[in-house]
Each structure stands twice: as C-alpha cells, then as structure tokens.
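Enquirer: Return atomic coordinates for the entry below.
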Amino acid sequence: MRAAQHLTAERIGDERSLFAAKWFDYRFVSPVEATLFFYDIYRDLYQKAWRKNFSVTEAERKRGVPIAGLWSSGREFNSVWRARQVADGLGLPYDFFIREAMEAAFRRGFKRPPRPNQLYHESFGPPILEAWAERQKSMPLLSALPQYRIEAYRNLPVQDEHQAWVVGNLKGRLARPYAIAQACFEQRVLSVERAEAEFSAHQMERVREEGAGMTPEPIVPLKRTDFWPSCFGIPHAWSETSPICAACHARADCAQVANKVEEKLLATYGVVGPRDAEVRAQTRARVARHRAERRAEALSASH
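Expert: Numbering: from 1, shown residues only. Take a look at the predicted model:
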C-alpha cells in the first residue's frame with residue numbers, strides 16, 4: 001500500500017519477472033522487505049567505503065541517505081527500489097552488487113561513494129558480472145534459506161533451480177568431496193541421489209566418508225505461506241493472462257490477496273495506481289501551463 005504511492009504500475013509489475021532472476025535468498029521475500037534490506041546494506045557499505053577511501057574519523061557521520069530514511073521522499077524510495085531491482089535482475093546478492101558497484105564507481109573517478117541511483121550505471125555491469133564469475137570459482141555460494149533444504153522439497157521449480165546452482169558451484173570449485181558432503185549431509189541442499197547422478201562413484205565414496213561425522217543443520221518448521229514467491233499478492237504483478245502466474249503454485253492465493261490489496265487502494269486513493277494518477281495529473285498541469293504561456297506570448301505579440 002505505502003509503496004504504491006511512490007511507484008508506477010509498470011515498476012511494480014516488474015516484480016513478476018524478477019522472481020525467477022533474483023538471487024535465491026530473496027525469492028521468498030516481499031519486494032518491500034527486500035528493498036529495506038538493500039537499504040540497510042547500502043548504508044553500512046557507504047560508511048565502510050568512506051572509511052576505506054577517505055577518512056576513518058568522518059565515516060561515522062556519513063550516511064549516504066536522508067536522516068528521515070527510505071520513506072522520506074518518493075525520489076529516494078524510487079532510486080533504492082530501482083537499484084534493488086537491477087541487482088535482482090542480475091541475480092546478485094545485494095552486498096556483492098553494492099560493494100562492486102562502489103568499486104567500479106571509484107575506478108571511474110567518483111570522489112565519493114555513489115548514491116543508490118548511481119549504483120546501476122550501465123558501465124558498471126560488465127565488471128560486476130566478471131567479479132561475480134570469479135567469486136563463483138573460489139567460494140561456496142548457496143542459499144541458507146530452509147525452503148531449499150531437502151526435507152522442505154515441494155517440487156517447486158525454484159528448488160530444482162537451486163539444486164542445479166549448487167551442483168554448478170561445486171563443479172566450478174573442483175567438486176571437492178568435503179564440499180559435496182557439506183551440501184548433502186550438513187546443509188542438506190543437495191540430495192544424495194542428485195549428487196550420485198552428477199559425480200563419480202569414487203567421489204561419492206569419499207563424500208560419504210566425509211559426511212559420516214557431519215552434524216546436520218537443525219530442521220526448521222515451515223508453513224505454506226513460507227513458500228509464497230516474492231511477487232505474491234502484488235497488484236500489477238499478478239495477471240490472469242501471464243504464463244508466469246498461470247504456472248505458479250500460489251496463483252489462487254495470490255489472486256485473492258492481490259484483489260484485496262486493489263480494493264484497499266481504490267478505497268484509499270480512488271485508483272489502483274496512485275503514482276500513475278499523480279504522474280498523469282502532473283503531465284496535464286505541465287501541458288496546461290505550457291499552453292497558457294504560449295497563449296500569453298501570442299497575445300503579447302499581437303499588441
């Protein structure tokens with residue numbers, strides 16, 4: 001509701017397609033929660049960047065954001081929302097995206113850490129993705145969310161996608177038996193059956209040996225709602241005609257919630273898209289002023 005005051009229907013609607021692109025940690029988190037999380041990370045990394053590149057003593061006084069916070073203005077909210085969406089579109093963890101964007105900005109000669117609306121300069125994309133490719137070769141990159149653990153498997157495409165990602169990450173790091181064992185027996189994000197299909201019998205023998213002494217992560221009870229996708233119940237993101245929505249396991253619940261939110265928007269603002277209505281009103285006012293100025297100029301010229 002509150003976000004709708006600042007965002008156009010098109011920008012909100014982008015959340016539907018971003019679900020399948022964003023980093024796995026954010027697939028079950030609402031866009032507003034994700035944006036607030038992004039904002040907190042940005043503030044922290046802004047200070048760290050100032051401390052590293054400029055002054056340790058000044059860093060504590062540097063925020064990089066308004067004192068009043070994210071909701072203080074539509075422009076601030078829009079810039080952070082858009083930056084977060086760019087990170088989602090690239091499939092990157094927010095801390096990695098922000099940190100690498102700041103480094104790219106400094107290499108281009110920035111005299112201070114970039115503001116949120118400067119994080120997604122088009123020239124930053126290639127070096128950020130190159131750094132991400134290198135990171136995948138050297139570090140275990142997987143989600144710690146319990147929705148991806150084997151005992152939580154519900155045949156969801158995103159769960160299959162995460163398992164495929166885990167396999168790719170393991171192979172990219174030379175498929176060490178200890179790392180495979182961690183994924184199978186400790187973190188439980190990869191089934192033994194899937195591991196057997198991906199790795200050799202010799203490797204799996206070592207994997208079982210390594211996994212014998214591992215302590216598995218505790219089981220986390222999950223509710224049906226914990227599996228709702230990040231775009232769940234969002235007006236403009238939900239669409240009866242979208243193939244994405246049609247294939248979603250939560251489509252029935254999502255439609256009900258989205259319709260209720262639309263009803264509240266109508267009751268509160270008189271329209272489903274208050275920001276779009278505001279933009280149209282501003283455009284009409286701007287056109288009216290321009291026409292009035294033209295008429296005044298024409299009248300002045302005739303005398």
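Enquirer: Tell me where this protein has helices.
Expert: 9-13, 15-18, 31-53, 56-59, 74-90, 94-107, 125-138, 157-172, 177-181, 192-198, 201-211, 243-246, 251-269, 274-302 (DSSP state H).
Enquirer: and those helices, which one's lowest on average pLDDT?
Expert: Mean pLDDT is lowest for helix 56-59 among these, at a mean of 72.
Enquirer: Now for the nearest residue to residue 195 once chain neighbours are set aside: which residues touch it?
Expert: Of all residues not flanking residue 195 in the chain, residue 184 sits nearest, at 5.5 Å (Cβ to Cβ, 6 or more residues apart in numbering). From N, CA and C alone the C-beta is placed, and that goes for glycine too. For residue 184, the contacting residues are 190-192, 195, 207, 211, by Cβ atoms under 8 Å, 6 or more residues apart in numbering.
Enquirer: Equivalent analysis for residue 177, please.
Expert: Applying Cβ under 8 Å, 6+ apart, the residues near residue 177 are 203, 206-207, 209-210.
Enquirer: sorry, back to before: please report the distance of the residue nearest to residue 195 from residue 143.
Expert: Separation of residue 184 from residue 143 (Cβ to Cβ, to the nearest Å): 16 Å.
Enquirer: In the contacts of residue 177, which residue is surrounded by the most others?
Expert: residue 207 (25 neighbours; other Cβ atoms under 10 Å).
Enquirer: returning to that earlier point: now the helices of the chain in a markdown table, with distance to residue 113?
Expert: As requested, those are exported to a markdown table (distance: least, Cβ to Cβ, whole Å):
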| stretch | distance to residue 113 |
| --- | --- |
| helix 9-13 | 25 |
| helix 15-18 | 25 |
| helix 31-53 | 4 |
| helix 56-59 | 10 |
| helix 74-90 | 13 |
| helix 94-107 | 5 |
| helix 125-138 | 15 |
| helix 157-172 | 30 |
| helix 177-181 | 35 |
| helix 192-198 | 41 |
| helix 201-211 | 42 |
| helix 243-246 | 36 |
| helix 251-269 | 36 |
| helix 274-302 | 28 |
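Enquirer: Setting aside sequence neighbours, what's the nearest residue to the residue most central in space within the chain?
Expert: Centroid-nearest residue in the chain: residue 88, 3.8 Å away (criterion: Cα atoms, centre = their mean). Counting by Cβ to Cβ, 6+ apart, residue 88 lies nearest to residue 22, which is 3.7 Å off, once chain neighbours are set aside.
Enquirer: Next up, the contacts around the one you found.
Expert: 34, 87-89, 91, 230.
Enquirer: out of these, which is most surrounded?
Expert: residue 87 (28 neighbours).
Enquirer: How many residues are close by the residue lying closest to that one once chain neighbours are set aside?
Expert: Sequence neighbours aside, residue 97 is the residue nearest to residue 87 in space, at 4.0 Å (criterion: Cβ to Cβ, 6+ apart). The burial count assigned to residue 97 is 28, neighbours taken as other Cβ under 10 Å.
Enquirer: contacting residues for residue 97?
Expert: 86-87, 90, 119, 128.
Enquirer: what's the spacing between it and residue 134?
Expert: 15 Å.
Enquirer: Check residue 213 too.
Expert: 32 Å.
Enquirer: and the gap between residue 125 and residue 162?
Expert: Residue 125 is 24 Å from residue 162, by Cβ to Cβ.
Enquirer: Comparing those two, which residue is more hemmed in?
Expert: Remark: of residue 125 and residue 162, residue 162 carries more neighbours, 21 against 14, as counted by other Cβ under 10 Å.
Enquirer: got a list of what that one touches?
Expert: 24, 142-143, 148, 189.
Enquirer: repeat for residue 228
Expert: Contacts of residue 228 by Cβ under 8 Å, 6+ apart are 28, 250, 253-254.
Enquirer: Swap in 6 Å and give it another go.
Expert: Shown in contact with residue 228 (Cβ atoms under 6 Å, 6 or more residues apart in numbering): residue 250.
Enquirer: Give me the phi and psi angles of it.
Expert: Main-chain torsions, residue 228, degrees, to the nearest 10: phi -70, psi 140.
Enquirer: For residue 265, see how far away residue 281 is.
Expert: 17 Å.
Enquirer: who's more crowded, the two?
Expert: A direct count of neighbours by other Cβ under 10 Å for residue 281 and residue 265 places residue 265 higher, at 18 against 10.
Enquirer: you'd agree that one is up against residue 271?
Expert: No: at 7.1 Å, residue 265 does not count as touching residue 271 under the criterion of Cβ atoms under 6 Å.
Enquirer: Many thanks, we can stop here.
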